[in-house]
Each structure stands twice: as structure tokens, then as C-alpha cells.
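Peer 1: Predicted model follows, preceded by the sequence.
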Amino acid sequence: MPATLIDGKAIAEQINAETIVEIARLKNQCGVTPGLAVVLVGENPASVTYVSMKDKVCARLGMHSERVSLPATTRESELLANINNLNLKQEIHGILVQSPLPPQISEEKVFAAVSPAKDVDGFHPLNVGKLANGDPTGFVPCTPAGVHELLIRSGVRIDGAHVVVLGRSRIVGRPLSLILSQKAAHANATVTVCHSRSRNLAEICRSADVLIAAIGVPGFVKADMVRDGAVVIDVGVNRLEDKTSDKGYRIVGDVDFDAVSQRALLITPVPGGVGPMTIAMLMHNTVRAARMQHGAS
Ligand code: GUN
């Protein structure tokens, strides 16, 4: 039987509806509108698309948003000065610096320059450390948090499951492995992180109850890497040239969707799976940041 689709768009809308309630509560309690600043350096086409989607969702949810667009030639010191301004700005509660950054800029330095209290991306070393320590007072990166929420709200039993994460990136694979292996409700998984140097990759994937692909290689996960009845989450967002499409490209995931969906029990589509969840979690984190900065309950 073909897999059931996990509808990330619908689940993201549930979360957005909850966020709208939180925003109203914060306005009533403290007269505060949560504000998000998104910093974009250069014109990476995928980043431009992400950033404009974030602006749109902010507006739809009734949040304040500011965009800081800087040229690709920006010096690291100029970017750090911009971040410092945003750290000091009262009406901004969350700051996101879109990755990737141009080569003359150190991502480490930039992420460490964002005030930890406004670090809604969860990339500041303090928040990374809190996640590693199991301290829930920090911010968790949005894509892994979105994958976790997607699993919970789809009724997937994580406790005791073998979760295989393909990819060890700072943005997805590594934080996801920390979230799912935590000693906590909706976690307690046995997590295996695979990467480009892993031996016996297909065999490890076949032993997964939940397989999460976050490597950025189109169609990498084939049907023979998936156990019958597994849950498959596709984090990949890859642009493939497609002259038949208006845009000249189409977006595909890291999973060979048609073949794998004949094997899996549940699967996320691309687009419409993890993508909308990332934005929903960003909005959720921003409202939480505003609440914490204003001492609201
Ligand atoms: N680039 C791709 N995903 C992300 C993300 O979640 N946050 C930031 N800042 N940059 C990204």
C-alpha cells in the first residue's frame, strides 16, 4: 500500500493558528507586537525566496518584520555592526541571519554576535550548548524543531525508535540528533547520524524506523534503502533545472519520492512537507522571545 502523506502545510497552519492566539495574548498583556529582523547578505536565489516567505508569514500572523538587505561585498565588521543595532532595538525580539554568508564573512562570528535572547535560529553557542545539555530554556533551530513537531503531530512513536539522520549539518542533522535522543517526552530515540564518510549507509538506513534525509542530494534515498513501513522525512530542498516549468526549475527533495512512497508508511512531500514547518517554528520562537524579553508568562 502506498504511504500516507504527512501534510506539513496543514500542520504548519495549526501551529500558526496557535501562534496567532499567543500574539493576541502578548498584545493584551503587555501591549507588545513581536518583531522579527531578517538579515540577508547577497542575493542567493534560494535565500531570497526563503526570506520573502518569512516576511509574508510575519505579516499574515500580525507580527512586525524588518528586512536588512546588504550587498554580497559587505565586510564582516559592517554586518556585525548591523547585528549590534538589531540587538539594541526594542521592537525587534528575534534576529535571523540567513545562511549561507559570502566567503569573506565568518558564520561562527556572526552567529555568536546575535544576542542569545534574540537568537530565534538557535545558532548562538549558548543556545547550541543548552540544547546539548537538555536545558529547555534555549532556542532550538527551526528546521529540526519543525521535523520534531511534524513527527509528534503525525502520531509517530519516537520513544525507543531507531531514527537514522542522514546529514550532520549545524542547521539540521546535528541539532536533530540531539533533540530526538534527549531524555524527554516525545524523544528517547536511538539516533544514528550518517554522513558522506559513513560505511554501509544503505544497510543502516534499512534498519531505521524513522529515516530523515538532510544531505542536499536530489533523490539520494532509494526504495532499497527503506524498510517496509518506515516513516520517511525529507528535509532536502534541491533546485533542478526544468525548462517546462514557468520558473525554469523545480524543487525536489533528497528522497526518490515515487519509489520510496511504495515502501514507507508515512512520508513528507517536497514541497509542502518540512518547509512550511520551518517558518512556523521561526514565528513560534519569535513570539516566545518577545514573551521572555517582556517577562510575560
Ligand atoms: N539557510 C537554510 N536554512 C536556514 C535556517 O534555518 N536559518 C538560517 N539562518 N539560514 C538558513
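Peer 2: That came in fine, so what should we check first? Residues are numbered from 1 along each chain as shown.
Peer 1: switch to C-alpha atoms for all contacts and neighbour counts from now on
Peer 2: Will do.
Peer 1: The stretch 51-200 of the chain against the ligand: which residues are in contact?
Peer 2: Residues of the stretch 51-200 of the chain that fall close to the ligand, judged by CA under 6 Å from any ligand atom: 96-99, 121, 142-143.
Peer 1: can we see that at 5 Å?
Peer 2: Contact residues, the stretch 51-200 of the chain versus the ligand (CA under 5 Å from any ligand atom): 97-99.
Peer 1: what distance separates the helix or strand harbouring residue 80 from the middle of the whole chain?
Peer 2: Counting by DSSP states H and E, the element that carries residue 80 is helix 76-88. Offset of helix 76-88 from its chain centre (CA atoms, centre = their mean, to the nearest Å): 24 Å.
Peer 1: ditto for stretch 153-164
Peer 2: With CA atoms, centre = their mean as the basis, stretch 153-164 stands 18 Å off its chain's centre.
Peer 1: which residues touch that stretch?
Peer 2: 6, 11, 151-152, 180, 185-194, 204-205, 207-212 (CA atoms under 8 Å, 6 or more residues apart in numbering).
Peer 1: Show the end-to-end separation of that stretch, please.
Peer 2: Its start and end residues considered, stretch 153-164 measures 19 Å (CA to CA, to the nearest Å).
Peer 1: circling back: name the residues of the helix holding residue 80 that are buried.
Peer 2: Across helix 76-88, burial judged by 16 or more other CA atoms under 10 Å covers 76, 79-80, 83, 86-87.
Peer 1: what does that helix contact?
Peer 2: Helix 76-88 is contacted from outside by 37, 92, 95, 104-106, 110, 113-115, 118, using CA under 8 Å, 6+ apart.
Peer 1: Out of these, the closest to the ligand would be?
Peer 2: Ranked by distance to the ligand (CA to the nearest ligand atom), the contacts of helix 76-88 are led by residue 95 at 8.9 Å.
Peer 1: Any idea how many residues pack against residue 149?
Peer 2: Residues near residue 149, counting by other CA atoms under 10 Å, number 20.
Peer 1: element containing it, please.
Peer 2: For residue 149, the host element (DSSP H and E) is helix 142-153.
Peer 1: Skip ahead from that helix and say which helix or strand is next.
Peer 2: Per DSSP H and E, the first helix or strand lying C-terminal to helix 142-153 is strand 162-166.
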